[in-house]
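**Student:** Sequence and predicted structure, then a few things I'm wondering about:
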Amino acid sequence: MTHDLLVRGVAAAKSGDKSDAKRYLTRLLGLEPTPEEQSEAWLWLAELSENPAEQRGYLGEVLARNPGDARARRKMAEITGALNPAEIINPDKLQPRIAAEPIQSQARRFSCPACGARMIYSADGKELQCENCGSKRAVGGLKNRISQHSDANFTAAMATSVGHLTPNRASITTCQGCGAEFHMPARVLSTNCPYCGSSYASGMTGEKEIIQPARLIPFKISLKQVRERLIAWFSSAKFEEPPSVDVPAGIYVPVWKFVVGGQLSWACSIQKNKIWTPIHDSKILNRPDIMVYATRHIPEVAGIMLCMYDLKDLVPYDPHYLSDWLAETYQIPVGDASLSARQQVLENEKERIALQYDSRITNLRVNPANMAVDSYELVLLPLWITHYTLEDEVFDVVVNGQTGEVTGQKPAGGMSEWISNFFSPNR
């Protein structure tokens, strides 16, 4: 009977008969419908209602039982104003963008107000300092470390072009120092004039589908400290003496930071008294700070570095932090990166599920259908990148620009084996 009432209610709703539709669906909810029939009825009642408070009530019933329900999340985003229905697209029909011609951009120059020389961001995380006269200027974002920050709505992003596109429009900047024109590639947020060295941060392009950085962790490790950490790392790795190392480059790396929620359900068999018993269980997810690189231009060894940052140091984005530092924006859309975030959480939860039972389990089957990304933000993290050379072979090394931790490639088999092979008489 409940199924029949649902069919009749949906049919009436689709034909425009709101009165009959509400009558059938309300009667359905007064019986004992399945959880799926309940959710379907509430979703249709939300569609039929013209009262925002009433709509939120119906959708809240759905989300209370299944926080990952995509339709309820999307409708809730429309009601709250996070999603403009006029901007909704069909991602399957979204055409890849052709790189547009560069546009003239008013990039922000970091120059000393006293003498006009270049301002350089200090590694102590406090100020800009003139490299000529020594004048200092505080960075705006540091004056208020406690901000009214909130992550962006992921459901709204995925329903529009924001979640699927990447910056692809370069800009042309006229240097305010020497008057020369130079190009800033689409993936670059900051650069120096190739002629006079003036520091610039990219201006806003006006493209509303381009996501701007929300926060960043300022550089705290200087070039001198990087060299000291590298010497210590080579020593701990049993290098007889530090090899030839390229000059390290400090760069702000773009990273997507997600909050993953929703619901995860699973089935498995658990052994009790030598008898295998099937069980079904579920849990509500709330996994913040799931991070995925938003760039393809970093060494593979930097992958492990994401878990080495202390996110308590994140501050509101301020272009002044980029002075004299290279910074990139994202080349991986937030929608693509979210798949990696979901996979991270899923693999981690599989391990947690296996460990939560005292007895042995087998045949674990996890259903991630109702796992959902709640929100996202684009953050910039400080990273030093360099390379060293051994017998014409190049190895990557990266240094955390916040903590100074080092990770890098080593010759296969370790240094002792590499050295013994290098000096063997058969070479």
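**Tutor:** The structure has been received and is ready for your questions.

**Student:** From here on, just use CA atoms for contacts and neighbour counts.
**Tutor:** OK.

**Student:** got the contact list for residue 400?
**Tutor:** 221, 305, 308-309, 382-384, 406 (C-alpha atoms under 8 Å, 6 or more residues apart in numbering).

**Student:** can you rerun that using 7 Å?
**Tutor:** By C-alpha atoms under 7 Å, 6 or more residues apart in numbering, the contact set of residue 400 is 382-384, 406.

**Student:** Dump those into JSON lines; add distance to residue 261, pLDDT and secondary structure as well.
**Tutor:** Listed next are those as JSON lines, based on distance: C-alpha to C-alpha, whole Å; pLDDT from 0 to 100; DSSP: H, G, I helix; E, B strand; the rest coil:
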{"residue": "382", "distance to residue 261": "28", "pLDDT": "95", "secondary structure": "strand"}
{"residue": "383", "distance to residue 261": "29", "pLDDT": "96", "secondary structure": "strand"}
{"residue": "384", "distance to residue 261": "33", "pLDDT": "95", "secondary structure": "strand"}
{"residue": "406", "distance to residue 261": "32", "pLDDT": "95", "secondary structure": "strand"}
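
**Student:** distance of the residue most central in space within the chain from residue 262?
**Tutor:** Nearest residue to the geometric centre of the chain (C-alpha atoms, centre = their mean): residue 256, 0.9 Å. According to C-alpha to C-alpha, to the nearest Å, residue 256 and residue 262 sit 19 Å apart.

**Student:** Next: residue 133.
**Tutor:** Relative to residue 262, and taking C-alpha to C-alpha, residue 133 is found at 55 Å.

**Student:** ranges for the helices of the stretch 201-350 of the chain?
**Tutor:** Secondary structure of the stretch 201-350 of the chain (DSSP state H, counting those that start in this stretch): helices at 223-236, 334-356.

**Student:** Parallel or antiparallel, list what pairs with the helix or strand following the last one.
**Tutor:** On the C-terminal side of helix 334-356, the closest following helix or strand by DSSP states H and E is strand 361-367. Listed by DSSP bridges, the sheet partners of strand 361-367 and their directions read strand 249-272 (antiparallel).

**Student:** wait, residue 157 sits on residue 163?
**Tutor:** Yes: judged on C-alpha atoms under 7 Å, residue 157 makes contact with residue 163 at a distance of 4.7 Å.

**Student:** Show me the shaky parts of the chain.
**Tutor:** 95-106, 116-118, 120-126, 131, 138-150, 182, 195, 203-208, 412-427 (pLDDT under 70).

**Student:** okay, residue 133 and residue 262: which has more neighbours?
**Tutor:** residue 262 (24 against 14; other C-alpha atoms under 10 Å).

**Student:** hang on, the earlier thing: now, which of the contacts of residue 400 sits nearest residue 360?
**Tutor:** Residue 360 lies nearest to residue 406 out of the contacts of residue 400, by C-alpha to C-alpha, at 38.8 Å.

**Student:** For the nearest residue in space to the closest one that is not next to it in sequence, give the beta-bridge partners.
**Tutor:** Nearest residue to residue 406, sequence neighbours excluded (C-alpha to C-alpha, 6 or more residues apart in numbering): residue 399, at 4.5 Å. Counting by DSSP bridges, residue 399 forms beta bridges with residue 384, residue 406.

**Student:** ok, now which ones touch residue 399?
**Tutor:** Contacts of residue 399 by C-alpha under 7 Å, 6+ apart are 226, 383-385, 405-407.

**Student:** ok, 6 Å please
**Tutor:** Residues in contact with residue 399 (C-alpha atoms under 6 Å, 6 or more residues apart in numbering) are 383-384, 405-406.

**Student:** For the residues you listed, give me CSV that also has distance to residue 37 and neighbour count.
**Tutor:** Converted to CSV, those look like this (distance: C-alpha to C-alpha, whole Å; neighbours: other C-alpha atoms under 10 Å):
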residue, distance to residue 37, neighbour count
383, 51, 23
384, 54, 25
405, 53, 17
406, 54, 19
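
**Student:** closest to residue 13 among these?
**Tutor:** Looking across those and measuring by C-alpha to C-alpha, the closest to residue 13 is residue 383, at 55.4 Å.

**Student:** now the helices: where do they sit in the stretch 51-200 of the chain?
**Tutor:** Counting by DSSP H, counting those that start in this stretch, the stretch 51-200 of the chain has helices at residues 52-65, 70-80, 154-159.

**Student:** Any idea how far the shortest one is from the middle of the chain?
**Tutor:** Taking the mean of its C-alpha atoms, helix 154-159 sits 14 Å from the chain's own mean (C-alpha atoms, centre = their mean, to the nearest Å).

**Student:** ok, now the second one?
**Tutor:** Distance of helix 70-80 from its chain centroid, counting by C-alpha atoms, centre = their mean, is 22 Å.
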